[in-house]
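Novice: 3D model of this:
(chains A, B and C)
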Amino acid sequence: MSAATAPARRTAAEPGGGPAGRRGARAAERADGWRRRAPLLPALVFTLAVTQLPFLATVVYSLRSWNLLRPDSQAWVGLANYAAVLTDSQFLGAALNTIAVTASCVVASMLLGIGLALLLDRRFAGRGVVRTLIITPFLILPVATALLWKHIMLEPVFGLVNFVLSPFGAGDVDWASQYPVLSVVVALVWQWTPFMMLLVLAGLQSQGGDVLEAGQVDGASRWQMFVWITLPHLRRYIELGVLLGSIYVVNTFDTIYMLTQGGPGTASSNLPFYIYQRTFLGFDIGQSAAMGVVVVAGTIIVATLALRLIFRTFMSAQEAK
Amino acid sequence: MRTTLRTARTAASMAAAGALLAGCAGAGAVAADGDGVRLVIAIVSNPQMQDAISLESRFREENPGIEVDFVSLPENEARAKITTSVATGGGEFDAVMISNYETRQWAEYGWLENLQPYIDASEGYDDEDFIPSIRDDLSHEGDMYSVPFYGESSFLAYRTDLFEKAGVEMPENPTWDEVAALAEELDGVEPGVSGICMRGLAGWGEMLSPFNSMLNTFGGRWYDEDWNAELDSPEFRRTAEFYVDLVREHGQPGAANSGFGDCLNRYAQGRAAMFYDSTSMVSTIEDEDAGTVAGRNGYAPAPVAESDYGGWLYTWSLGIPATSEHKEEAWRFLEWMTDEDYIRLVADEYGWQRVPPGNRLSTFEVPEYQEAAGAYADTMLDGIERADPADPGLRPVPYEGVGFLAIPEFQDLGTRVSQQLSAAIAGQISVEEALAQSQEYAQSVGDTYKEDGR
Amino acid sequence: MTAHAPERPAAGGSAPTAPAPGRAPRRRRSGAGGAALTVLTWAIGLAFVSPALWLLLTAFKQENQAATDPPTLLFQPTLDRFSAVLGADFLPYLGNSLTATVASTVLVLLLGLPAAYALSVEPVKRTQDVLFFFISTKMLPVVAVVVPIYVAAAELSVLDNVWTLVVLYTAMNLPIAVWMLRSFFLEVPVAIVEAARVEGAGLPRILWSVMLPIMAPGIAATALICMIFSWNEFFFAVNLTASQAATVPVFLTGFITSEGLFVAQLSAAAVMASLPIVVVGWIAQRQLVRGLSMGAVK
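Specialist: Take a look at the predicted model:
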């Protein structure tokens, strides 16, 4: 919350003050603090209990040697699991894949989303129908989406994509083995574009028509108006889309699981999938817990930097309010 | 550990209290409604198991008061769920489908109920009828800890019509070199038909089964007697190169992502001239409703190279976790599903070609089965009987198992090595690179056994 | 948002001039250009959604028409695949998904609305840190915590219990919901709240009869997002349920078998599994756009 608005609101809530002395004022302030905190506490305690306690257990596991299939293997091993994880080249590969998949998916679906939103931001016959069609991929089960792309679209022999491309002499591609990361990104982009489109569309529709008319009066070209008026207005919507998209895409599991099984080899494994494999195929609980902790630490560092950056723009925008 | 759990429990129960009070406390875990018993059984969703699910009403007719709920999942999911549940004592399941990989390890840990007392007490249930190699592989200290639903070795199925068209013949006991030559000959004999279909999907239960059977007959091994990894040995490399080259050059499109299911599907639709895989394939490819090639297949024993046996041994079996609260009832179901009568029931309902094959010797003696399965029954039985998990290859090894290594670490190790090989099939890395990386993984596992002095 | 939108372009660099009233609505092209753009939009929209349409089409095919080269476009539609899905005991899965989705969404709103209030209208100290904490829990890969959760659930005997999923889905959606709801609270004019308080209304009153009506579209949008993510959740569902509490995505994976041809069957199952939430999404899409435009950007 911005410094600019908070004090203004707090004054209204403060008690009468007066010469009651510092202690009274402090007690009142404390009471006020608790009154403000009370509505927050259930959600906070709930989130702490359900997310942080298991994570604490994960930290404990990560310090132990524990292969689920060797019940006699349990022992404290200090940081040995971390050493193993940090020298694992596949782990590093999965980390790079995670970044590549997340970045390309978010950027591509945002660009497509902007394009579609611009097309939909005008009145035309059947606009509601087209919008309904376009948001559908976001609503379909991700498991179903992955199966759809694997067995119907990208299948090497009967796949629709190869059929459509065959007139161009490119109809013989085995997408999921030759371009596994691309296949995953395509399925994810298809799924996330509607979400981006909805956000951008919301932004476009909140834009005052008068501004654009003003621009027209000034004789600005359509392109100039888009760059100088619409885009700055959309900026916060785009940032929000990028933020939410990243949070969800970074944790993608079902699409990779169903579409490529992380393969061939580990070519399309991202971190969640790689950790899953080490947990549920390898049953090496100690090492996979250590990976989990490393990933959480890594994301929090990256996210802190990114979020602060985005937050700053949000906060400054709010202060301007 | 203990305290962590307890804290987690307190906090989580506080958090969950609201929701649980809302009415459905324990809806999942509680079994009985009235005086009946509800069994929860986790199985792998292969065709033969789907048939069992369809026929479950027969079991209920014979056993009033026992309800059966199935959790049917593809192999990898099923294995993950079942292993997690049994190893942590999760206790969701009254019976689980496992294999000869898990049974003896888990029996040793006390995770499985000893079934021998139940078997002995069940009149008319003939455990001597199970094929000996399979029975042994499911026994710990002489007692069976799981009972086989079906058993499999591997063999080579081929399309007699396509062989005729191409003017080639399948040798009686083919070698891998001969198979490779045939695959080249037959590749593209009809549009969209590949020379051979073989698994390329990563996963120890996927591509490593055929790969290991090939490795054994090529004279390779994972470890020498002292647990030194041998993935960089000439024999291992020769096998890997042979496998990868064969699949890359004359195998099915999308090989690196095709597992047993995809291969089966592909061959059953007439899109491959040969198919080297589990003998259980017959239930699908000889079924006229499931594919287009029924009745047009010949079968040859698993191809060989240096040794004279190239098959594997695997079985899907049913066990009862030690945590089950309804062991008596669970056994009644196991008894039903693995008895001779069940095989007859499937035959009556769906025909003899669909019965779960390869668990009982008596099946092979039924005249109707001999008639329906004449093309493959002997090859199948021979492949299963001759498999020797204790001595899988040409040279001595410190582990047991034909298609896998019966050590707990193999699930992880096998997955990682198969990922490397699968990447080589996809052409993303060379066989050389795949094996160099794999050798490292294998050696780090071998080292733990050296230390233990096991 | 809309109220102060006109100021922003000034910062953006173009000088605002007096609005010219009475002009034609923005960006309405006339004649051939507009028609061409309409056709183009339709074409792009149809092309974009064509994989989903093909999935729907495949669900009405026989298995041997589902995988052919070239693809089969004309065929006698059949409902066999759908009846096979229903025959496979689809309804209990549907019931579990409904319970998990609806109950977790209600819980999210019950916990999230007061929390969002405490982070906006009458903010606690260190609001930004609290917000960051909430959002940071979304970055925790669920894979990293599933084993402890499994072990705890086994200890509590709540494995294979749909209410376990409700609790987890609530935790999963709460951060995003708090975040979105907070921005909607910030939209409510302070003066209205102050006026209500001067009249002596307590917090529940203010929340219920003053703020909620204004925020309704935003709350609907939040609820819809929560429902979509709960309905579609796969990982916890597949790992923590067995027979009693399994949800629709788990049902769908049960259809992946090695049993011969299965594309048409899988398509029918996929269509039926997705349909409920797709329909809800279609119906509520206006709320979603309105809710997001109302101020999800705060």
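
Novice: what are the structural domain limits within the chain?
Specialist: Chain wasn't specified; assuming chain A. Chain A breaks down by automatic domain parsing into domains covering A:1-39, A:80-319.

Novice: chain B was what I was after
Specialist: If you go by automatic domain parsing, chain B breaks into B:33-145+B:314-369, B:154-313+B:387-452.

Novice: Serialize those to a markdown table and add fields for distance to chain C and mean neighbour count.
Specialist: C-betas here are computed from N, CA, C, even on glycine. Shown next, in a markdown table, are the domains of chain B (distance: least, C-beta to the nearest C-beta, whole Å; neighbours: other C-beta atoms under 10 Å in any protein chain shown):
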| stretch | distance to chain C | mean neighbour count |
| --- | --- | --- |
| domain B:33-145+B:314-369 | 4 | 20 |
| domain B:154-313+B:387-452 | 3 | 21 |
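
Novice: of the ones you listed, which is nearest residue A:92?
Specialist: domain B:154-313+B:387-452 (13.0 Å; C-beta to C-beta).

Novice: so who does the residue of chain A found nearest chain C touch?
Specialist: The nearest approach of chain A to chain C comes at residue A:292, 2.5 Å away (C-beta to the nearest C-beta). Counting by C-beta atoms under 8 Å, 6 or more residues apart in numbering or on different chains, residue A:292 makes contact with A:58, A:62, A:275, C:141, C:143-145.

Novice: among those residues, name the ones in strands.
Specialist: Assigned to strands by DSSP state E, none of these qualify.

Novice: so which of these also contact chain B?
Specialist: The overlap between these and the neighbours of chain B (C-beta under 8 Å from any C-beta of the partner chain) is empty.

Novice: between those, which is nearest residue A:240?
Specialist: Ranked by distance to residue A:240 (C-beta to C-beta), the contacts of residue A:292 are led by residue C:141 at 22.1 Å.

Novice: run a quick neighbour tally on the closest one.
Specialist: 23 (other C-beta atoms under 10 Å in any protein chain shown).

Novice: ditto for residue C:216
Specialist: 15.

Novice: again with residue A:168
Specialist: 7.

Novice: returning to what we had before: in a helix, that's where the residue of chain A closest to chain C is, yeah?
Specialist: Yes - assessed with DSSP: H, G, I helix; E, B strand; the rest coil, residue A:292 lies in a helix.

Novice: what parts of the stretch 151-300 of chain B come near chain A?
Specialist: So the stretch 151-300 of chain B meets chain A at B:192, B:200-204, B:253-257, B:271 (C-beta under 8 Å from any C-beta).

Novice: can you redo those residues as a markdown table with distance to residue C:128 and pLDDT?
Specialist: Below are these laid out as a markdown table (distance: C-beta to C-beta, whole Å; pLDDT from 0 to 100):
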| residue | distance to residue C:128 | pLDDT |
| --- | --- | --- |
| B:192 | 61 | 87 |
| B:200 | 51 | 93 |
| B:201 | 47 | 89 |
| B:202 | 44 | 88 |
| B:203 | 46 | 86 |
| B:204 | 48 | 89 |
| B:253 | 54 | 88 |
| B:254 | 50 | 85 |
| B:255 | 53 | 90 |
| B:256 | 48 | 89 |
| B:257 | 46 | 84 |
| B:271 | 60 | 92 |
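
Novice: which one of those sits closest to residue A:229?
Specialist: Distances from residue A:229 to those, taken by C-beta to C-beta, are shortest for residue B:257, at 47.9 Å.

Novice: separation between that closest one and residue A:50?
Specialist: 36 Å (C-beta to C-beta, to the nearest Å).

Novice: check contacts around the residue in the stretch 101-250 of chain C positioned nearest to chain A.
Specialist: Nearest residue of the stretch 101-250 of chain C to chain A (C-beta to the nearest C-beta) works out as residue C:144 at 2.5 Å. Under the criterion of C-beta under 8 Å, 6+ apart, the neighbours of residue C:144 are A:55, A:58, A:275, A:288-289, A:291-293, A:295-296.

Novice: let me see the contact set for residue B:272.
Specialist: Listed by C-beta under 8 Å, 6+ apart, the contact set of residue B:272 reads B:193-197, B:252, B:263, B:266.

Novice: rerun that using 10 Å as the cut-off
Specialist: By C-beta atoms under 10 Å, 6 or more residues apart in numbering or on different chains, the contact set of residue B:272 is B:157-159, B:162, B:183, B:186-187, B:192-198, B:250-252, B:263, B:266, B:293.

Novice: now do residue A:103
Specialist: A:185, A:242, A:246, A:249-250.

Novice: which strand or helix spans it?
Specialist: helix A:89-120 (DSSP states H and E).

Novice: tell me how far that helix lies from the chain's centre.
Specialist: Centroid displacement of helix A:89-120 relative to its chain, using C-alpha atoms, centre = their mean, to the nearest Å, is 10 Å.

Novice: what about residue B:397, which SS state?
Specialist: Under three-state DSSP, the three-state class of residue B:397 is coil.

Novice: report pLDDT for it.
Specialist: Per-residue pLDDT puts residue B:397 at 94.

Novice: ok, and the closest non-adjacent residue to it?
Specialist: Leaving aside its chain neighbours, residue B:397 sits nearest to residue B:221 (5.0 Å; criterion: C-beta to C-beta, 6 or more residues apart in numbering or on different chains).

Novice: low-confidence stretches in the chain?
Specialist: Just so you know, I chose chain A. For chain A, residues meeting the criterion pLDDT under 70 lie at A:1-21, A:171, A:208-209, A:307, A:310-321.

Novice: my question was about chain C
Specialist: In chain C (pLDDT under 70), the answer is C:1-31, C:257-261, C:294-298.

Novice: residue closest to the middle of it?
Specialist: Residue closest to the average C-alpha location in chain C (C-alpha atoms, centre = their mean): residue C:225, at 2.5 Å.
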